[in-house]
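Enquirer: here is a sequence with its predicted model. Questions after.
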Amino acid sequence: MTAVLEAPVRRPFAPRGLGWLMWRQLRAVAWGLLALVLVAAVAAVWLHGREVDFIRSHGIAGCAMISLDPACQEPGIQQAVMDFRNSYGHLLKLAGLLLLLLPVAVGAGVGAPLLAQEWEHGTWKLVLTQSVTRRRWVLAKLAAAGLVVGSASAVLALLLRWAWQPSANDVSGISWYSWTFFGTGGPDLVATALLALAVGALAGAVLRRTLPAMAAAAVLVGLLQTGLAWLRPYLWSSQTVLVSRSELPNSIWGFAQGFVLPDGTRLPYDGCGGALDQAQCDAKYANAAEYTDLHRAADYWPLQTVETALCLGLAAALAVVTVVWVRRRLG
């Protein structure tokens, strides 16, 4: 009897080598993020449809709680706007808040274990015996995780922006500059998530223990997000107008206010304190006018571009530091 040897079946699209290893290590993260995206897509479709129906049926398109538009002063309009904000507006804010937590989750849940678990389990020794350099190994892990995280965060940002669009600025009360939208409804979310990934990976490489690295990453990413929010209005040139911030429409971001003297000296609202009596205070603020530093809606994309570039630059720098650290520690 003659034995017939069959050639092994090769799957042309199956990952090979290091790519296969990266998929094996990140498939749980990939499937989890895919499930999150699918749930968010269903929620966004439902919310977008309900918003459009409510706004159309109540005739409140472009209306805010306080509006000078005569059409928005008709009986029942202000109550309808309030009802919208108390229902769909709260859901939009909740969605934005949850996406603000995404970078923290990425840094702690994806970035920190990326290298720390390799040290804890000793699997890095096995990988480096397969003709893979340390630099290539670290870069492959960062690139694979970055691809998964970046793709998911991009889709989530697009979904939130699409859900926000029907009630943007006025009806929902969620302006383009609000803290629950600016950092979650554009490319800034992708860049911040990638920065969080880099922070977590470096923390894992330095600490070499998963739980401490996760805690450190969560704290550091939270601090970075707070710092970016504080720095944001100064990333692009602003304008100064001599009006109170309360007089500005919802589409204009007034981020600083006070009083200004004719010579340009700026004074805070409470500049007198307890050291000056009323007469001295009146003299100090004589001829002062109220001012507001602001950004208009046209500044949204310049601000997004600068902040995104800043986060991506920091992420790239941290990735380089991680590669150098690992090469030296394993050298």
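Expert: Received it, and whenever you're ready, just let me know what you need.

Enquirer: after the helix or strand bottoming out on mean pLDDT in the chain, which helix or strand is next?
Expert: Within the chain, confidence by mean pLDDT, DSSP states H and E is lowest for helix 123-127 among all helices and strands, at a mean of 66. For helix 123-127, the following helix or strand on the C-terminal side (DSSP states H and E) is helix 134-164.

Enquirer: now the next helix or strand after that next one and helix 134-164, what's the angle there?
Expert: Toward the C-terminus, helix 134-164 is succeeded by helix 187-207 as the next helix or strand (DSSP H and E). Angle, helix 187-207 to helix 134-164, by axes from the mean of the first three to the mean of the last three C-alpha atoms, to 10 degrees: 150 degrees.

Enquirer: just how off-centre is helix 187-207 within its chain?
Expert: Put simply, helix 187-207 sits 12 Å off its chain's centre (C-alpha atoms, centre = their mean, to the nearest Å).

Enquirer: one more: stretch 286-297?
Expert: Put simply, stretch 286-297 sits 29 Å off its chain's centre (C-alpha atoms, centre = their mean).

Enquirer: pLDDT on that stretch, on average?
Expert: Averaging pLDDT along stretch 286-297 gives 88.

Enquirer: where do the helices sit along the stretch 201-331 of the chain?
Expert: 210-231, 278-284, 300-329 (DSSP state H, counting those that start in this stretch).

Enquirer: now render those as CSV, adding mean neighbour count.
Expert: To be clear about C-beta, it is placed using only N, CA and C from the backbone, and glycine gets the same treatment. As requested, the helices of the stretch 201-331 of the chain are exported to CSV (neighbours: other C-beta atoms under 10 Å):
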stretch, mean neighbour count
helix 210-231, 18
helix 278-284, 11
helix 300-329, 17
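
Enquirer: worst average pLDDT in those?
Expert: Looking at these, the weakest mean confidence is helix 278-284, a mean of 74.

Enquirer: for that helix, list the C-alpha coordinates in PDB.
Expert: Coordinates of each C-alpha in helix 278-284 appear next as PDB, following Å, rounded to 0.1, in the frame of the first residue of the first chain:
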ATOM      1  CA  GLN A 278     -14.800 100.800  49.800                       C
ATOM      2  CA  ALA A 279     -13.400 104.200  48.800                       C
ATOM      3  CA  GLN A 280     -10.000 102.700  47.900                       C
ATOM      4  CA  CYS A 281     -11.700  99.900  46.000                       C
ATOM      5  CA  ASP A 282     -13.800 102.300  44.000                       C
ATOM      6  CA  ALA A 283     -10.700 104.300  43.100                       C
ATOM      7  CA  LYS A 284      -8.800 101.200  42.100                       C
END
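
Enquirer: the stretch 1-150 of the chain: helices as residue ranges?
Expert: Going by DSSP H, counting those that start in this stretch, the stretch 1-150 of the chain shows helices at 17-58, 77-84, 90-100, 102-106, 112-121, 123-127, 134-164.

Enquirer: looking at these, which is buried most?
Expert: Mean neighbours per residue, mean count of other C-beta atoms under 10 Å, is largest over the helices of the stretch 1-150 of the chain for helix 102-106, with a mean of 25.

Enquirer: low-confidence regions, this structure specifically.
Expert: Low-confidence segments of the chain, defined by pLDDT under 70, span residues 1-18, 123-132, 271, 273-277, 330-331.

Enquirer: try 50 this time
Expert: 1, 8, 11-15 (pLDDT under 50).

Enquirer: of the helices of the stretch 201-331 of the chain, which approaches Leu159 most closely?
Expert: Nearest to Leu159 among the helices of the stretch 201-331 of the chain is helix 300-329 (17.0 Å), distances taken as C-beta to C-beta.

Enquirer: how distant is that closest one from the center of its chain?
Expert: Distance of helix 300-329 from the chain centroid (C-alpha atoms, centre = their mean) equals 15 Å.

Enquirer: about what we covered before: for Leu211, find the nearest of the helices of the stretch 1-150 of the chain.
Expert: Here helix 112-121 is closest among the helices of the stretch 1-150 of the chain (C-beta to C-beta), at 8.6 Å.
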